[in-house]
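Colleague: The following comprises the amino acid sequence and a computationally predicted model.
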Amino acid sequence: MCAATALLALSWGCAGTGGPRGEQAADASATTPSDPTPAALVEAAEAGDSFAQRELAERHLAGRGVSLDPRRAAYWMQRAAKSGEGEAMYGWGRMLVSGLGVDADPEAGARWLERAADAGHERAAHDLGGMLLYGRGIDADPAAGVERLRAAASGGFPPAQMLLGVAYKRGLGVSVDLAEAARWMRLAAENGNAEAQNDYAALLSRGQGVPSDEVEAMVWFRRAAAQGNARAESNIGRAYLVGRGVAADEAEALRWFRMSAQHGSESGAEQLGRLLISGQAIERDPEKGLEWLRTAAQLGSSNAQVELARVLLSGEAGEIDAAEAFTWNRRAAINGNVVAAHRLGVQYQQGLGTVKSDGDALRWLLEAANAGNAESRYLVGMLVGSGLGTPANASEAERWLRLAAEQDHPQAQASVGILLIADGTSDERRSEGRQWLERAAQVGNTDAMYMLGMAALRGVGAAEDPKAAQTWLRRGADAGDARSYEALGSMYRTGLGVPVDFEAAAASYREAAERGHRVAQHNLGMLYLRGEGVEESPSEAMRWFEQAALAGFPSAQYTLALGYARGEGVAADPIEAYAWLEICEAAGFARAAGTKRMLGASLTSEQIAGARERAKALSRQIPR
């Protein structure tokens, strides 16, 4: 027996020979007195001692007493594994899975982990269980993964207990069973597993699988945090932020979020950023908050990416950058974040931070709509119904709007109601339309209130009912709806279902006009021109006509032109009159052409040219 082998035989035993050519031992001074010398290890490993081979592999991986050389480590670990020693089979399996010192081969690695697990190696059973559970590098087989985890967990291995709890919580390979999830997570937590302590605390806080106990949850969160678990630190911060299990304390929340963020937690960085931007009881620092949100977004948190985009669009942190917001929403949407997909669609639809594109808007809104987002379903319905980004399809538009309406989306309910009331195919559909409008109106939707009022006034879907019309329009007006005010004004002015009351008409028109309703602005101008319900005032009439004209209302443009032509309420100005006639003629107002010819007969060619230039300037002020 050689001297080195004899020295090792007391602890490891002896075997045959063989090793990589040129295997060199490092300076023996790098070992401790109780360690075998590298030279002795090399000799024993070459002689075929599996324990020496594994020890030499581990030293090459760490550079402890020998060269740091993953490939030599792989050689020796493979040699040791072939002897059937459990720890070596586990180590060789892990190297194959990760590609450490050898070309990665997860399937071969899994087979070695399986051999180690069958030999009773708990970590191998845990790692193989995780690969099977999630399909990492091999075909997923969650049920087999659960059985591997159960074997290691039943032996008391905390990481396996934790992962088995996750499987029961998420229904991976087993039916969802929160009580069983809590049981396994508690076992792992009691065995000191920090991840389990955090996750068990979360179950306690939410009352999932165990009775809710927020105070007990804080005990476990703190145990996990004491081990440096950044997720637990973030959860403690949330508890202090909302007063869950502890007294609310923004300053203490800030401290825990900062600690979590500094330990690399995406959630901690996100929450720290949010609090620095919008906190109430601390000294806010929006600029620093934005930095932390960017950090969390760059770490890959889709929630942080969405929040960062929102803040950049709103200017809440003092910086507005729609293009950067678009970038973050897009990144989160690509990774499956439904809120991001919706907001990205809206940015495409509005051209915020990107080129406006109805096709791209529809694509991303459909992503969110198919995931159940009610607002996206509503917007998809509107785009499809209007033929934006796709050929118009009334039945498909109705389908999407109904889906959103059934999720209690008020605007979708109003839109379905309007669509059905306008459909003359059957009384049943019109009746259903009124029901949808009433549902939307009950939760304050002013479009629904207005449409119910107009339907009652015109007898659509039911008999004419001016009293009901007045009731619905009054509700809409009281909620600030300009159209409802205008409709009430017209009822009072014409005596439609109510006694004629010019003062009431003027008051309603004024409310609508001040809210930018161009028809009401024109009609209020007519009341001032005639002195109906208000003191006659041609100048006040012209002021309202001008507002309606600049808002693009052709009747007001024509009336304003007559005022300038006659000098009624304003100084006579045939150039201005001709310019407004030019504009309303282009808008299709029938009487404008004849009036313009009559006025043009009294103008020189230079004056007409000047009037046309003036019309161009005015047109640029009118919304299209």
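Modeller: In hand now; what should we look at? Numbering: from 1, shown residues only.
Colleague: For the spatially most central residue of the chain, I want the exact helix or strand it lies within.
Modeller: Centre of the chain computed as the mean C-alpha position; nearest residue by C-alpha atoms, centre = their mean is Val339, 2.4 Å away. Per DSSP states H and E: Val339 is located in helix 338-350.
Colleague: now for the following helix or strand past that helix, which elements pack on it?
Modeller: Note on helix 338-350: by DSSP H and E, the next helix or strand toward the C-terminus is helix 358-370. Applying 3 or more C-beta pairs under 8 Å, 6 or more residues apart in numbering; DSSP states H and E, one finds that helix 358-370 contacts helix 338-350, helix 374-386. Any C-beta I mention is one placed from the backbone N, CA and C, and that applies to glycine too.
Colleague: thinking again about what came up before, other residues contacting the helix holding Val339?
Modeller: 302, 305-306, 309-310, 322, 325-326, 328-333, 352-354, 356-358, 360-365, 367-368, 371-373, 375-376, 379, 383 (C-beta atoms under 8 Å, 6 or more residues apart in numbering).
Colleague: Likewise for stretch 121-141?
Modeller: For stretch 121-141, contacts defined as C-beta under 8 Å, 6+ apart pick out 86-87, 89-90, 93-94, 97, 106-107, 109-110, 113-114, 116-117, 142, 144-149, 151-152, 155, 157, 159-160, 163-164, 167, 172-173.
Colleague: If we use 7 Å, what do you get?
Modeller: 86-87, 90, 93-94, 97, 106-107, 110, 113-114, 116-117, 142, 144-145, 148-149, 151-152, 155, 157, 159-160, 163, 167, 172-173 (C-beta atoms under 7 Å, 6 or more residues apart in numbering).
Colleague: So which of those belong to strands?
Modeller: Per DSSP state E, strands hold no members of the contacts of stretch 121-141.
Colleague: Can you say which of these are buried?
Modeller: Buried by 16 or more other C-beta atoms under 10 Å: 86-87, 90, 93-94, 97, 106, 110, 113-114, 116-117, 142, 145, 148-149, 151-152, 157, 159-160, 163, 167, 172-173, out of the contacts of stretch 121-141.
Colleague: on that earlier part again, now mean pLDDT and distance to Phe502 too, for the helices and strands packed on helix 358-370, in CSV please.
Modeller: Output for these, formatted as CSV (pLDDT from 0 to 100; distance: least, C-beta to C-beta, whole Å):
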stretch, mean pLDDT, distance to Phe502
helix 338-350, 98, 42
helix 374-386, 97, 39
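Colleague: could I get the ones you listed as CSV with distance to Pro499?
Modeller: Formatted as CSV, the helices and strands packed on helix 358-370 follow (distance: least, C-beta to C-beta, whole Å):
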stretch, distance to Pro499
helix 338-350, 46
helix 374-386, 40
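Colleague: ok, back up a step: what are the buried residues along the helix holding Val339?
Modeller: 338-349.
Colleague: Can you add distance to Gly387 and give those residues back as a markdown table?
Modeller: Shown next, in a markdown table, are the buried residues of helix 338-350 (distance: C-beta to C-beta, whole Å):
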| residue | distance to Gly387 |
| --- | --- |
| Val338 | 26 |
| Val339 | 27 |
| Ala340 | 26 |
| Ala341 | 22 |
| His342 | 21 |
| Arg343 | 23 |
| Leu344 | 22 |
| Gly345 | 17 |
| Val346 | 19 |
| Gln347 | 21 |
| Tyr348 | 16 |
| Gln349 | 14 |
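Colleague: OK, contacts around the residue nearest to Leu312 when sequence neighbours are not counted?
Modeller: In this structure, Leu312 finds its nearest non-sequential neighbour in Ala325, 4.1 Å apart by C-beta to C-beta, 6 or more residues apart in numbering. Going by C-beta under 7 Å, 6+ apart, Ala325 touches 309, 312-313, 353.
Colleague: Now do the same contact list for Gln280.
Modeller: Contacts of Gln280 by C-beta under 7 Å, 6+ apart are Glu250.
Colleague: Secondary structure element holding it?
Modeller: Counting by DSSP H and E, Gln280 is part of no helix or strand.
Colleague: can you offset everything so residue one is 34?
Modeller: From this message on, residue numbering opens at 34, which makes the last subject Gln313.
Colleague: one step back: check the buried residues of helix 371-383 against Glu285 and report the nearest one.
Modeller: Comparing the buried residues of helix 371-383 against Glu285 with C-beta to C-beta places Val372 closest, at 29.0 Å.
Colleague: For Gly422, give its distance to Asn403.
Modeller: Counting by C-beta to C-beta, to the nearest Å, the gap from Gly422 to Asn403 is 16 Å.
Colleague: More neighbours: which of these two?
Modeller: Set Gly422 next to Asn403 and count neighbours by other C-beta atoms under 10 Å: Gly422 wins out with 20 against 13.
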